[in-house]
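> sequence first, predicted model second:
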Amino acid sequence: LLLSLCCLPLRAQTAQVLEGPARDKAIATILQANDLKTTLQFRFVMTRHSAMLTEDLVSRGHAAYAYPDKVRWEVEQPWKSLFVMNGTDKGDRRQQTLLRNVEKLGEKGLINEEDFVVTVYASPQVWQVDLQPLRRDLSQLFNRITLLTDARTGELRSVVLSEQGGDTTQLEFSAVLRGKALDPQIFVQP
């Protein structure tokens, strides 16, 4: 129930749709605050809601990213798991597809109007950006990706992935560090 309330679009509250220069300014602020052409480290809480589960599945962990093609995603709770993607490694076909999408995200930024229909909503504390996929491969997975950012700084707070089947995954970010040197060893497969 809590996730459902968190996932309600801001437009159901007191938000307004941004258009014209106000929309352009919000998008530019978000893109600048969340530039992916750098390194990132952060903690996350991932909440998965599915009709197939009796209760939400909540995972906690930390991640690292180095532009353009290195990702480390480490779940600490409830079960330990590790995913490492290094663009210099030869991966399987699924990993190569994921790698192309990570590289595209790094190049185009969080918001791009080539791959998505973009709607921006504003409330006093939060900007909500709804991304509806235009690309067939993305639309088969998601009917909407929602970015929630701080309205003052544009910094990303959370992402909600709304899948075609009705399931949702919410990622909440904290302790975000940008532009810090990362040990290359963290991107080596164990």
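Yes, it's here. Numbers count the residues shown, from 1 in each chain.
> hey, let's count contacts and neighbours off CA atoms from now on
Noted.
> L110 versus the residue positioned nearest the centre of the chain, what's the distance?
By C-alpha atoms, centre = their mean, the mean C-alpha position of the chain lies nearest to V159, the distance being 4.7 Å. V159 sits 11 Å away from L110, going by C-alpha to C-alpha, to the nearest Å.
> intersection of neighbour lists for those two?
By C-alpha atoms under 8 Å, 6 or more residues apart in numbering, V159 and L110 have no common neighbours.
> circling back: what lies in contact with the helix or strand containing the residue nearest to the centre of the chain?
Take DSSP states H and E as the rule and V159 turns out to sit in strand 156-163. Applying C-alpha under 8 Å, 6+ apart, the contact partners of strand 156-163 are 7, 30, 33-34, 141-150, 168-174.
> now stretch 143-157, how far from the centre of its chain.
Computed by C-alpha atoms, centre = their mean, to the nearest Å, the separation of stretch 143-157 from the middle of its chain amounts to 9 Å.
> end to end on it, go ahead and measure it.
End-to-end distance of stretch 143-157 (C-alpha to C-alpha): 20 Å.
> next, the buried residues of it.
Neighbour-count burial for stretch 143-157, counted by 16 or more other C-alpha atoms under 10 Å, picks out 143-151, 153-157.
> which of those sits closest to D69?
Using C-alpha to C-alpha, L156 comes nearest to D69 of the buried residues of stretch 143-157, at 20.2 Å.
> which residues does that closest one form a beta bridge with?
Beta-bridge partners for L156, by DSSP bridges, are T149.
> in CSV, could you pull the C-alpha coordinates for stretch 33-42?
The C-alpha atoms that make up stretch 33-42 are tabulated as CSV, following Å, rounded to 0.1, in the frame of the first residue of the first chain:
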residue,chain,number,x,y,z
ALA,A,33,22.6,17.6,-11.7
ASN,A,34,22.6,14.0,-12.8
ASP,A,35,25.4,14.1,-15.5
LEU,A,36,26.4,10.5,-16.2
LYS,A,37,29.7,11.3,-17.9
THR,A,38,31.5,10.8,-14.6
THR,A,39,31.7,8.3,-11.8
LEU,A,40,28.9,7.6,-9.3
GLN,A,41,28.7,5.8,-6.0
PHE,A,42,25.5,5.4,-4.1
